[in-house]
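Enquirer: Sharing a sequence plus its predicted fold:
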Amino acid sequence: MFKVEDIRKDFPILSRKVNGKPLVYFDNAATSQTPKQVIDTMVDYYSNFNANIHRGVHTLSQEATDLYEQARYKIQAHFNAKFSHEIIFTSGTTHGINLVANGFSSLLKKGDEIIVSALEHHSNIVPWQMLCERTGALLKVIPMNQEGELVMDAFDKLLSENTKLVFVNHVSNALGTVNPIEYIIEKAHQVGAAVLIDGAQSSPHIKPDVQKLDVDFYVVSAHKMCGPTGVGMLYGKEEWLKKLPPYQGGGEMIAEVTFEKTTYADLPHKFEAGTPNIAGGIVFGAALDYMNGIGFDTIAAYEHELLEYATEKLLQIDGLKIYGTSEHKTSVISFNLEGIHPYDVGTILDKLGIAVRTGHHCAQPIMDYYKIPGTVRASLAFYNTKAEIDTLFEGVKKAKMMLS
Ligand code: PMP
């Protein structure tokens, strides 16, 4: 049975005060909080296993290697990849996207087309623009509508035999919209295009099955799913990872080095140059264990309940507008108070101990579409409560009174 009060005891930070008030943490889409089971794994690693991996003959190195590779298996199982070597450790979503974008430099030519969506985070726009500059490929954009959904008819029309790549986030960080990636993947494959899905915002709420989705690449960051910062994973289909050239050169990623010619290591090491974030990888595995221990269905059902409660409550405030009103949403509420800058609302909420994000959320094209400078974003996680939403409601009312 899911009992939020018990879950909250796992998160030490949730009992601290901010500005003299109990912390209400609603900035989960920026980064999630860390349960003690995950923190303990980090402490245990540095207390008992810290060593460099893969090359060491000594016991400590072998134990650290085993823990790191076990984490890769955990990630493989979680995302249901066919092979563990299809899981590449990265420093996060941004790194995974850049690795793929860089690899495609040698596979694209002038006139090829890349499709992204209007709902993207900057990290899923800028690397593709840079790729277009390098190759002469063209960037096309799937438009959005007022509800914050992608317009699928327009997507169908953008697809052609020139389309080589399609990049869409599974869930929008600014609005919470869950995009119809199954449809996008199927249609893109019909014209022979590869698909990369940015799972930074879906992975804390949804357990994707990469084989069932038949997706070519899927990228996530551990810090959005109760894990540490500085680590993430890129899933790539074996055939694609074999085709792409290495991203960075260095130790670990080679088979043999001479001054005449270097040969590269097999997957996954070909893409893992240098000493990796060993502790981060191991702790990422512990974070997956923690979330799977609760269960993603349980998490999604509870968060949906929170989303409905918060939406209904906030809409009682006159002049409050919510952006992103799709039926298919994770627990993100992006809103503004009429005539009031989101930054000012965020500052007052902070004084009340409530952590929300304000601004464009690294998704400026969405803000341009709505003709607003930004929003206040409350992003809810499974350790939040309805009582915290009541605190937010009172806080927003107070901010409105003070700023009107
Ligand atoms: N894509 C989306 C949709 C995101 O929300 C984020 C993080 N805000 C990123 C990419 C980038 O993730 P990271 O900064 O962990 O690399």
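Expert: That came in fine, so what should we check first? Being a predicted model, the structure only gives us computed values, none of them experimental. Numbering: from 1, shown residues only.
Enquirer: Of all the residues in the stretch 251-400 of the chain, which one is nearest the ligand?
Expert: Nearest residue of the stretch 251-400 of the chain to the ligand: residue 362, at 5.9 Å (C-beta to the nearest ligand atom). The way it works is simple: take the backbone N, C-alpha and C, and place the C-beta from them, glycine included.
Enquirer: tell me, what residue is most central in this structure?
Expert: The centroid of the chain falls nearest to residue 200 when counting by C-alpha atoms, centre = their mean (0.9 Å).
Enquirer: Distance of it relative to residue 97?
Expert: 9 Å (C-beta to C-beta, to the nearest Å).
Enquirer: Common neighbours of these two, please.
Expert: Common contacts of residue 200 and residue 97, defined by C-beta atoms under 8 Å, 6 or more residues apart in numbering, comprise residue 219.
Enquirer: so the residue of the stretch 251-400 of the chain closest to the ligand sits right up against residue 198, yeah?
Expert: No: the pair residue 362 / residue 198 is not scored as a contact, 11.7 Å apart, by C-beta atoms under 8 Å.
Enquirer: Looking at those two, which one has more neighbours?
Expert: Between residue 362 and residue 198, counting by other C-beta atoms under 10 Å, residue 198 is the more crowded of the two (31 against 16).
Enquirer: what are the bridge partners for that one, then?
Expert: With beta bridges defined as DSSP bridges, residue 198 has these partners: residue 169, residue 219.
Enquirer: so what's residue 197 up against?
Expert: Taking C-beta under 8 Å, 6+ apart as the test, what residue 197 contacts is 167, 168, 169, 170, 181, 185, 208, 213, 215, 217, 218, 219.
Enquirer: And the residues you listed, which is closest to the ligand?
Expert: Using C-beta to the nearest ligand atom, the contacts of residue 197 come closest to the ligand at residue 169, 4.4 Å.
Enquirer: Which residues of the stretch 151-300 of the chain lie near the ligand?
Expert: 169, 173, 198, 200, 201, 221 (C-beta under 6 Å from any ligand atom).
Enquirer: Residue 116 versus the first one, what's the distance?
Expert: When C-beta to C-beta is the yardstick, residue 169 and residue 116 sit 9 Å from each other.
Enquirer: quick one: common contacting residues for the two?
Expert: Common contacts of residue 169 and residue 116 (C-beta under 8 Å, 6+ apart): residue 124.
Enquirer: the more surrounded of these two?
Expert: residue 169 (28 against 23).
Enquirer: Domains of this protein: list them as residue ranges, please.
Expert: According to automatic domain parsing, the chain comprises the domains 4-30+295-403, 39-293.
Enquirer: Please convert those to CSV, extending it with mean pLDDT.
Expert: As requested, the domains of the chain are exported to CSV (pLDDT from 0 to 100):
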stretch, mean pLDDT
domain 4-30+295-403, 97
domain 39-293, 96
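Enquirer: what does the stretch 1-150 of the chain put close to the ligand?
Expert: Contact residues (C-beta under 6 Å from any ligand atom) of the stretch 1-150 of the chain with the ligand: 92, 93, 94, 121, 123, 124.
Enquirer: Thanks again, I'm all set now.
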